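Participant: With the sequence up front, the predicted model follows.
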Amino acid sequence: PPPETPPPPPTPGYCVGSVSCRQDPASGAAVRDAAARAGGFDPGPGPDPERVAAAFASDRLLRVDGAPVDGFAPLSGFFRTADGWVRTHANYPHHRARLLALLDLPATVADHPSRDDVATALAARSAQEVEDPAASVGAIAVRVRSADEWRASAPGRAAASGPPVRTAVRDDAAPPRPLAVGPRPLVGLRVLDLTRVIAGPVATRTLALLGADVLRVDPPGLPEIEVQHLDTGQGKRSALLDLATPDGRVRAQELLDAADVLVTGYRPGAVEAFGLRLPGGAVHARVSAWGDDGPWAPRRGFDSIVQAASGIALVEGTRDGTVGDASTAAPGALPAQALDHATGYLLAAAVVDALADRAADGRGRDVAGARARAAPALLVAPGRDPAHGPPRTPGARCVVGHRAGSYPQLSLPPNETGLLWGGAGAG
């Protein structure tokens, strides 16, 4: 429900002047325009910037029983090192455990380490001495860089090699299937959602809004953070399925065979390693941190991590129009998970376009989005003012409330994959 005290009065642009303000309405407009092309309807006026800003900041506006939620765990954030800064991400228990194992804390604090304990350990290392070992063990920590340093690096050059989302046509095909006419052109289509966190779930939530029957599947051993499910799970069904088991892979393939779209949020090659096969003519959309190209393609990453590596954190830290040296300047963060949301909405728009093209030729398509490719697009967006003031909270007219009742998450029973789809539909 909405908070008892409404947010401050609306102010146009919410993040006007910040590094993300230009991309917010653009990605929302991309979804609107793609839906209009697919459904053959007049899209009307452009998106309301304040409402788009509210959608981008949905995790910060979310209230559960009237109380705000904390989007980051205590061991996630910026930490000083011997020569600069690193940003860590330890929201998930397995990432937290890997970070702590990497730091090899003293036995006196190892069982219940505080943020200060982690800060002390990181301060004794160089930022690069944290970043490289973290990548090798699957922990999440990157060195904070300037935009110039990122652009000159091999992973930065790879990230700048293309648009945030790109589409490729495959040779496989199925009989063309026309889309529905009107503002919900995806009615009757099935989307298998194997995404987590924000970017992928935002994309599939958008596809559900446009009429698709979306089934989100999570591994039972790595549950999603509950408030993230509340924030991005609207309009979807959800189930648990272990792809690490032979039986789970059989059921996953049955679901995939009945789907029109597969959306994945794992690192490149992770889903293929399970041996899943796309049906002819399906659209496979993927979102990753660093993209398919360059030396960082296999690495894990999140919005906040990409901000830190790509130079956005130093831009947002100074807020005076200057960018200091990474060893001395204090980093900051965007007022929203803008890379996640922009990539998610752009991915959804590209999926809609791919389905519209498939309706004409029946051919399958691959759609790939990367947060690291969204970062340079934000940094060079026209009209950006690095010396912007603090962001304003979207007004009360952008807040909606609903009851979030508890409901079970299904574990898929044998030979009952059809029960999880919404009755008759695609395939």
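Facilitator: The structure has been received and is ready for your questions.

Participant: hey, let's count contacts and neighbours off CA atoms from now on
Facilitator: OK.

Participant: Going along the chain, name the helices of the stretch 151-300 of the chain.
Facilitator: Counting by DSSP state H, counting those that start in this stretch, the stretch 151-300 of the chain has helices at residues 154-159, 199-209, 226-232, 246-257.

Participant: Let me fix that, I meant to ask about the stretch 301-427 of the chain.
Facilitator: Counting by DSSP H, counting those that start in this stretch, the helices of the stretch 301-427 of the chain are 303-310, 312-318, 338-361, 371-379.

Participant: With respect to Arg98, which of these lies nearest?
Facilitator: helix 303-310 (16.1 Å; Cα to Cα).

Participant: hang on, the earlier thing: could I get the helices of the stretch 301-427 of the chain as CSV with mean pLDDT, mean neighbour count and distance to Leu105?
Facilitator: CSV is the format used below for the helices of the stretch 301-427 of the chain (pLDDT from 0 to 100; neighbours: other Cα atoms under 10 Å; distance: least, Cα to Cα, whole Å):
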stretch, mean pLDDT, mean neighbour count, distance to Leu105
helix 303-310, 94, 26, 23
helix 312-318, 85, 24, 27
helix 338-361, 94, 25, 32
helix 371-379, 89, 25, 32
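
Participant: what's the weakest-modelled helix or strand in the protein?
Facilitator: Least confident element among the helices and strands of the chain, by mean pLDDT, DSSP states H and E: strand 410-411 (a mean of 50).

Participant: hang on, the earlier thing: of all the helices of the stretch 151-300 of the chain, which lies closest to Asp59?
Facilitator: Nearest of those (Cα to Cα): helix 226-232, 6.5 Å.

Participant: Tell me how far the closest one lies from the chain's centre.
Facilitator: 13 Å (Cα atoms, centre = their mean, to the nearest Å).

Participant: what comes up buried for that helix?
Facilitator: Residues of helix 226-232 classed as buried by neighbour count (16 or more other Cα atoms under 10 Å): 227-229, 231-232.

Participant: now for that helix, which elements pack on it?
Facilitator: Counting contacts by 3 or more Cα pairs under 8 Å, 6 or more residues apart in numbering; DSSP states H and E, helix 226-232 packs against helix 58-61, helix 199-209.

Participant: how about a cut-off of 10 Å?
Facilitator: helix 58-61, strand 63-64, helix 199-209 (3 or more Cα pairs under 10 Å, 6 or more residues apart in numbering; DSSP states H and E).

Participant: Deepest in the core, which of the helices of the stretch 151-300 of the chain is it.
Facilitator: Neighbour counts (mean count of other Cα atoms under 10 Å) averaged over each of these peak at helix 199-209, with a mean of 27.

Participant: okay, the angle between that one and helix 303-310?
Facilitator: Taking axes from the mean of the first three to the mean of the last three Cα atoms, to 10 degrees, one finds helix 199-209 and helix 303-310 inclined to each other by 130 degrees.

Participant: Now do helix 199-209 against helix 338-361, angle only.
Facilitator: 50 degrees.

Participant: Please compute how far helix 199-209 lies from its chain's middle.
Facilitator: Here helix 199-209 shows a centroid-to-chain-centroid distance of 10 Å under the convention Cα atoms, centre = their mean.

Participant: Next, the angle from that helix to helix 371-379.
Facilitator: 80 degrees.

Participant: so which of the helices of the stretch 301-427 of the chain comes closest to Glu272?
Facilitator: helix 338-361 (19.6 Å).

Participant: Please, where are all the strands along this structure?
Facilitator: Secondary structure of the chain (DSSP state E): strands located at 63-64, 67-68, 77-80, 85-88, 141-143, 165-173, 190-194, 213-218, 236-240, 261-264, 283-288, 363-370, 410-411.

Participant: Report the mean confidence score over the fifth one.
Facilitator: Averaged across strand 141-143, the pLDDT comes to 96.

Participant: Could you tell me which strands sit next to that strand in the sheet, and their orientation?
Facilitator: strand 85-88 (antiparallel) (DSSP bridges).

Participant: same deal with the longest one?
Facilitator: Applying DSSP bridges to the sheet, strand 165-173 is found paired with strand 363-370 (antiparallel).

Participant: tell me which residues of the strand it pairs with are tucked away?
Facilitator: Under 16+ other Cα under 10 Å, the buried positions of strand 363-370 are 363-370.
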